[in-house]
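Visitor: Sequence plus the predicted model coming up.
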Protein chains: 2
Amino acid sequence: MTSTDAATEGHEAVALLDRTRTTVQPELRSTVESLPDSIRRVAMYHFGWEHADGTPASGRAGKAIRPALVLASARALGGEPLHAVRAAVAVELAHNFTLLHDDVIDEDPTRRHRATAWTVFGTPAAIIAGDAMMALALRLLAEDPHPASGAASARLAACVIELCAGQQADCAFEQRAPDEVSLDECVAMAMAKTGALLGSSCALGALYAGADDEEIAAMDAFGREAGLAFQLIDDLIGIWGDPDTTGKPAGADLAAHKKSLPVVAALASGTPAAEELAELYRSPMDGAAIRRAADAVERAGGRDWAQVQAADRMARAVQQLSRAVPDLTAAGDLLALAEFVTRRTR
Amino acid sequence: MTSTDAATEGHEAVALLDRTRTTVQPELRSTVESLPDSIRRVAMYHFGWEHADGTPASGRAGKAIRPALVLASARALGGEPLHAVRAAVAVELAHNFTLLHDDVIDEDPTRRHRATAWTVFGTPAAIIAGDAMMALALRLLAEDPHPASGAASARLAACVIELCAGQQADCAFEQRAPDEVSLDECVAMAMAKTGALLGSSCALGALYAGADDEEIAAMDAFGREAGLAFQLIDDLIGIWGDPDTTGKPAGADLAAHKKSLPVVAALASGTPAAEELAELYRSPMDGAAIRRAADAVERAGGRDWAQVQAADRMARAVQQLSRAVPDLTAAGDLLALAEFVTRRTR
């Protein structure tokens, strides 16, 4: 692919995400507004629709990658995307449930350039809002008269359990010494924590399009592989991302001693840089130490490994996609989305 | 009713709860055992089936009042209780999700005479286990081939949102001065936090028995009224319960400055004892102060009010029940259960 093609496709994905937000946001917002008052204010703040004092805000409620995958998957399998809007809203609610709870668990102070909900409303309110948001996602599907809603509901609930397992593994890794976490474990964790919901988004779109079991499985696998590529890129951003773009301090994941994929790959490299990195990870790091750690990840090959892995996962994703949609020209939106998420740092 | 009748019916309910546990526990346990390893160990500990180190424990996993309501409601509406076992397991899982998160939020150190899950496994693990347990409840219903499972799933998800609203109100009350919480707000909170799930348990049983909308609504109302009676009794136990029976220190709710129903009723009484209680609630309390506070609640009429209210709610419950089951002799199990939960302190 030439760089002109790439640039064009990037624009395509951006336009697609914009269109998805326009399609999905009214239903998403009215669903969130149906929450009981005391919970709604936390949710409205979290989505960037209200300030902490309840006055309207014009913040953007995330990139809407998961809803876009639902709608694009429905379309690619010959369904009408507009019939899958509730499924798109449900996965976005499920995603935001995980954000609310992950921020509590990780004690993250900022999200999308704003103070996280727990820092504004307290930990109990953020836990409760997350709980209600997950129940809302599953309620929305269970109440949807669409014939696929029952199967979609079961699949999303199973996915939430996998997301929980991923988050639990992430927390457990934080407690262990850097050399006690294997790269395989780390990949499995990322698959559960990120791949599962992207896979379910694609599977739900396929379900709503009336796809058969094999097509649904292939779409799930496509989303999972793309999700892992997405996570690899996200981990790279967590180390080398621009704070102005990410809304997080530079090297935030390193400062938090996060055992992200590039870090674990670096630690497993058996290089002198791996030793240096392990040593840095044993103590709190100041700005200079964070820069040294980023440099060590790079010299140990962690950065390259993650970039190659991301490309490899993308190739596998496309292979899975072609199982469900043999004529890939019908899956242009999905390809554009998948390429978009792995191009974010370039 | 003579005291002999009461004693007999008490035994009836105990036997019924025992039978319910025997019926429901295998499915409950195998469902919990299906959780991913890292989450399962927290859940197995929480249910009392394992010690913290993972060795088997013979603890009892709660009284099973909600599963018993599901099965008894199914039977009272002419259904086969054994077909509603999954619904019974789902409400028990939903209940235990709330316990896991409430213990985190309230920082409660003990539950069922044991250290709470968050004190053993940490707050993140307890939050995650609660999340997974709620998803498991909704997954179990969504996967159940029973024709009522979709409607049951939607109803349980809606109920979880109401439980969240109740818990949020409970937290908000803790932040307010004692005289800023009205008795009406407090009753509404208890209805959401406790009544909703007991109502849903009965409604799910009715749904699984193929009942019509009016019968389901009446069963929901029965469970809600009985649930409020249950909460009133629970609040009385929270002040005057025997620590050996409750597994909590004497006057635990007073020590935590909890604005439980008898306390708020006492504070709203306009008596000198109300003033005294309000004053005690402004500062931390030692053992002597807790005893003075309990005495003030009693002198202000809070204890009597709660007991009269509990009886009144029970009368309303029976009235609702008779709408769904005109011949109450067919609802003997439900009456026994309802009377059981309001007799616990006598």
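Guide: Perfect, thanks for sending it. Numbers count the residues shown, from 1 in each chain, chains lettered A, B, ... in the order given.
Visitor: residues in the stretch 101-250 of chain A within reach of chain B, list them.
Guide: For the stretch 101-250 of chain A, the residues in contact with chain B (CB under 8 Å from any CB of the partner chain) are A:101, A:104-105, A:122-125, A:127-132, A:134-136, A:138-139, A:142-143, A:149-150, A:153-154, A:157-158, A:160-162, A:164-165, A:167-169, A:171-172. Any C-beta I mention is one placed from the backbone N, CA and C, and that applies to glycine too.
Visitor: Among these, which lie within strands?
Guide: Among these, no residue falls in strands (DSSP state E).
Visitor: Quick one, which of these are buried?
Guide: Neighbour counting with 16 or more other CB atoms under 10 Å in any protein chain shown marks A:101, A:104-105, A:122-125, A:127-132, A:134-136, A:138-139, A:142-143, A:149-150, A:153-154, A:157-158, A:160-162, A:164-165, A:167-169, A:171 as buried within these.
Visitor: just for chain A, where's the confidence low?
Guide: Applying pLDDT under 70 to chain A flags the ranges A:1-9, A:247, A:344-346.
Visitor: the strands in it, which residues?
Guide: Using DSSP E, strands in chain A cover A:110-111, A:114-115.
Visitor: right, so of those strands, which gets closest to A:Met44?
Guide: strand A:114-115 (12.5 Å; CB to CB).
Visitor: Which other helices and strands does the closest one contact?
Guide: Where contact means 3 or more CB pairs under 8 Å, 6 or more residues apart in numbering or on different chains; DSSP states H and E, strand A:114-115 is not packed against any helix or strand.
Visitor: center of chain A - which residue?
Guide: By CA atoms, centre = their mean, chain A has its centre lying nearest to A:Thr194, at 5.1 Å.
Visitor: Look up how far A:Ala289 lies from it.
Guide: With distances taken as CB to CB, to the nearest Å, A:Thr194 is found 28 Å from A:Ala289.
Visitor: do A:Leu335 as well
Guide: Counting by CB to CB, the gap from A:Leu335 to A:Ala289 is 41 Å.
Visitor: With neighbour numbers in mind, choose between those two.
Guide: Each of A:Leu335 and A:Ala289 has its neighbours counted (other CB atoms under 10 Å in any protein chain shown); A:Leu335 has more, 22 against 16.
Visitor: ok, the more buried one touching A:Val318?
Guide: Yes: with contacts counted by CB atoms under 8 Å, A:Leu335 reaches A:Val318, the gap being 7.1 Å.
Visitor: hang on, the earlier thing: do you know how far the residue nearest to the centre of chain A is from chain B?
Guide: 16 Å (CB to the nearest CB, to the nearest Å).
Visitor: quick one, what contacts that residue?
Guide: A:Gly166, A:Gly227, A:Leu228, A:Phe230, A:Gln231, A:Asp234 (CB atoms under 8 Å, 6 or more residues apart in numbering or on different chains).
Visitor: Return the distance of it relative to A:Cys202.
Guide: 13 Å.
Visitor: returning to what we had before: overlap in contacts, A:Leu335 and A:Val318.
Guide: What both A:Leu335 and A:Val318 touch, as defined by CB under 8 Å, 6+ apart, is the set A:Leu328.
Visitor: which of the residues in stretch A:290-299 are buried?
Guide: Buried, per 16+ other CB under 10 Å, within stretch A:290-299: A:Ile290, A:Arg292, A:Ala293, A:Ala294, A:Ala296, A:Val297, A:Glu298, A:Arg299.
Visitor: export that stretch as PDB, just CAs?
Guide: This file holds the C-alpha atoms of stretch A:290-299, laid out as PDB (Å, rounded to 0.1, in the frame of the first residue of the first chain):
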ATOM      1  CA  ILE A 290      11.400   7.000  33.000                       C
ATOM      2  CA  ARG A 291      13.300   8.300  29.900                       C
ATOM      3  CA  ARG A 292      16.100   5.700  30.600                       C
ATOM      4  CA  ALA A 293      13.500   3.000  31.000                       C
ATOM      5  CA  ALA A 294      11.900   3.900  27.600                       C
ATOM      6  CA  ASP A 295      15.300   3.800  26.000                       C
ATOM      7  CA  ALA A 296      16.000   0.400  27.600                       C
ATOM      8  CA  VAL A 297      12.800  -1.000  26.200                       C
ATOM      9  CA  GLU A 298      13.800   0.200  22.800                       C
ATOM     10  CA  ARG A 299      17.400  -1.100  23.000                       C
END
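Visitor: Quick one: residues in contact with it.
Guide: Contacts of stretch A:290-299 (CB under 8 Å, 6+ apart): A:239-240, A:250-251, A:254-255, A:262-263, A:266, A:271, A:273-274, A:276-277, A:280-281, A:285, A:303-304.
Visitor: Distance from stretch A:15-34 to the middle of the chain?
Guide: With CA atoms, centre = their mean, to the nearest Å as the basis, stretch A:15-34 stands 17 Å off its chain's centre.
Visitor: Pull it out as CSV, backbone CA atoms only.
Guide: Extracted as CSV, the C-alpha positions of stretch A:15-34 are listed here (Å, rounded to 0.1, in the frame of the first residue of the first chain):
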residue,chain,number,x,y,z
ALA,A,15,-15.2,9.7,8.7
LEU,A,16,-16.6,6.3,9.5
LEU,A,17,-16.1,6.9,13.3
ASP,A,18,-17.7,10.3,12.9
ARG,A,19,-20.7,8.7,11.2
THR,A,20,-20.9,6.0,13.8
ARG,A,21,-21.0,8.6,16.6
THR,A,22,-23.8,10.4,14.8
THR,A,23,-25.8,7.2,14.4
VAL,A,24,-25.2,5.7,17.8
GLN,A,25,-25.0,8.7,20.1
PRO,A,26,-28.7,9.6,20.4
GLU,A,27,-29.5,6.0,21.5
LEU,A,28,-26.4,5.8,23.7
ARG,A,29,-27.3,9.1,25.4
SER,A,30,-31.0,8.4,25.9
THR,A,31,-30.1,5.0,27.3
VAL,A,32,-27.6,6.6,29.8
GLU,A,33,-30.2,9.3,30.6
SER,A,34,-32.6,6.5,31.7
